[in-house]
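Participant: predicted structure and sequence below. I'll ask about it afterward.
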Amino acid sequence: MIKFPVRFLWGAATSAYQVEGDNVFADWWHWEKSSGQKEVSGSASQHYRYFEEDFNSAKLLHHTCHRLSIEWSRVEPYENQFSAKEIAHYIDVITALRERNIQPIVTLHHFTNPEWLSRLGGWEHTSARNYFSRYVEKIVEALCDKVRYWIPVNEPMVYVYHAYVAGIWPPQKKSLRVSQAVAGNLLDAHDQAYKLIHEIYRKKDLPAPLVGTAHHMQAFAACRPTLRNKLGVYLRDSLFNLGFVKKLCRMRSLDFIGVNYYTRGLVETRGWGIRNLLLDFCRQQHSRLDKNDLGWDIYPQGIYESLLKLRKFKLPVFITENGICTHDDAQRWEFIASHLKCVAAAMEKGVDVQGYIYWSLLDNYEWDKGFGPRFGLIHVDYRSGKRTIRESARKFAMVCQTGEL
Ligand code: FCB
């Protein structure tokens with residue numbers, strides 16, 4: 001039996017755009033339609049309306065923390081016009097968590113931008129950092145007495161990769177030069193937010209906040225052990241997995257590292273060009289591992305490997321996302337249990353993991369993949385909005401309650 005520490009945080013995550021519904025001022029809302037996506041987010045999981053019911057379920061399932069995001073485009077639908085009504089909504093949301101004794105972990109940017117910011121060129125320009133800081137200040141001022149954990153930017157490298165390298169998310173650019181600029185701006189945005197949040201808490205004499213990142217890590221492996229594939233693995237590991245965290249540590253802008261881990265990528269490069277080295281994967285189904293419904297390899301060992309790579313930074317770590325989309329709920333529980341075992345093994349080796357947050361509390365809108373993939377501990381009937389707690393959620397609840405696996 002594995003025993004996790006008493007103070008270990010247990011919970012699940014969501015992001016505003018994926019669950020709330022009707023985020024009409026977001027760039028994604030417009031892009032879904034203009035790019036002809038098969039499924040648009042619409043009313044999503046209707047969490048904007050049912051958040052209290054959803055938090056009742058989280059409570060019932062013994063969650064002690066909940067990771068959620070604030071939708072910037074709701075709060076600031078037009079440049080410098082903040083919506084008091086929407087800020088009040090988020091105060092209600094956070095209060096609802098507090099009333100249930102669930103620690104909120106708040107993300108300020110989870111992939112979507114206000115449409116007005118996109119029209120100004122989004123994160124390509126340094127001005128985005130200042131717009132972001134102004135929004136961060138408003139939110140942190142409103143919520144600081146109820147929130148201790150903040151994550152300024154979710155998965156900066158995933159955002160850069162999808163939107164500016166692979167060019168499959170808005171604004172669909174494919175430019176390594178622009179992607180470098182965007183990554184730099186997100187890095188600085190985090191750094192500015194880190195300082196700002198700490199300063200607000202200091203001024204108000206509140207206990208120091210904990211500001212971290214939710215960083216995506218993938219286990220990369222060479223499909224065939226060629227020199228070129230090994231170089232591809234090395235470059236992805238240093239640029240994608242470790243680069244951002246390294247820089248934030250150097251800037252002293254991290255109180256904790258959040259890890260989002262899902263899968264392993266088999267690297268099979270088709271040339272020596274930088275795009276080949278960074279982007280090519282095996283297309284021939286050489287992997288024999290079990291898959292989730294999106295065809296991603298299930299490789300629990302990868303969470304262990306990722307955590308050990310972070311040990312040298314000597315910071316507390318949270319698993320801020322880990323999950324599986326599957327129609328086989330028994331597979332979901334196996335996924336959770338096998339990954340938790342690997343987290344425990346990393347803790348044995350000295351990694352200071354302080355919490356595990358499953359992705360996701362609810363079935364939701366999986367970006368360009370639509371509503372097909374079901375990651376939730378709770379099933380959502382998108383027509384009626386009805387929620388049904390899955391068996392895997394109840395098994396996970398036992399771990400949350402007892403700290404034992
Ligand atoms: C992560 C994202 C999250 C969700 C999961 C499946 O990369 O942060 O929004 O889409 O993947």
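Facilitator: That came in fine, so what should we check first? Residues are numbered from 1 along each chain as shown.
Participant: how close does Ala183 sit to Met157?
Facilitator: Distance, Ala183 to Met157, by CB to CB, to the nearest Å: 7 Å. Where C-beta positions appear, they are placed from N, C-alpha and C, glycine not excepted.
Participant: shared neighbours, the two?
Facilitator: Common contact partners of Ala183 and Met157 (CB atoms under 8 Å, 6 or more residues apart in numbering): Phe244.
Participant: so which helix or strand takes in Arg288?
Facilitator: Counting by DSSP states H and E, no helix or strand carries Arg288.
Participant: just want the phi and psi numbers for the residue nearest the centre of the chain.
Facilitator: Nearest residue to the geometric centre of the chain (CA atoms, centre = their mean): Asn154, 4.9 Å. Main-chain dihedrals, Asn154, degrees, to the nearest 10: phi -80, psi 130.
Participant: next one: Val353
Facilitator: According to degrees, to the nearest 10, Val353 has phi -80, psi 130.
Participant: and the one 4 residues further on, by the same measure?
Facilitator: For Ile357, the backbone dihedrals are phi -120, psi 110 (criterion: degrees, to the nearest 10).
Participant: which residues touch it?
Facilitator: By CB under 8 Å, 6+ apart, the residues touching Ile357 are 9-13, 65, 67, 105, 318-322.
Participant: contacts for stretch 56-65, please.
Facilitator: Here stretch 56-65 has contacts from 9-12, 66, 100-105, 149, 355, 357, 361, 377-378, 387, 389, 393-394, 396-397, 400-401, using CB under 8 Å, 6+ apart.
Participant: I meant stretch 327-337, not that one.
Facilitator: Contacts of stretch 327-337 with the rest of the structure, by CB under 8 Å, 6+ apart, involve 290, 292-293, 298, 300, 322-324, 326, 358, 374, 390-392, 395-396, 399, 405.
Participant: these in helices, which ones?
Facilitator: 391-392, 395-396, 399 (DSSP state H).
Participant: can you pull the residues of the stretch 251-400 of the chain lying near the ligand?
Facilitator: Within the stretch 251-400 of the chain, the positions lying close to the ligand (CB under 6 Å from any ligand atom) are 260, 321, 359, 366-367, 375.
Participant: among those residues, name the ones in strands.
Facilitator: In strands, judged by DSSP state E, the following of those are found: 260, 321, 359.
Participant: tell me the bridge partners for the closest residue to the second one other than its chain neighbours.
Facilitator: Here the nearest residue to Glu321 in space, its sequence neighbours aside, is Asn260; by CB to CB, 6 or more residues apart in numbering that works out to 3.6 Å. Under the criterion DSSP bridges, Asn260 forms beta bridges with His216, Glu321.
Participant: so what's the residue in the stretch 1-150 of the chain that the ligand sits nearest to up against?
Facilitator: Using CB to the nearest ligand atom, the single residue of the stretch 1-150 of the chain nearest to the ligand is Ser15, 4.9 Å away. By CB under 8 Å, 6+ apart, the residues touching Ser15 are 68-69, 107, 110-111, 154, 364.
Participant: columns secondary structure and pLDDT on top of these, output as CSV?
Facilitator: Below are the contacts of Ser15 laid out as CSV (DSSP: H, G, I helix; E, B strand; the rest coil; pLDDT from 0 to 100):
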residue, secondary structure, pLDDT
Leu68, strand, 99
Ser69, strand, 98
Thr107, strand, 99
His110, coil, 98
Phe111, coil, 98
Asn154, strand, 98
Asn364, coil, 98
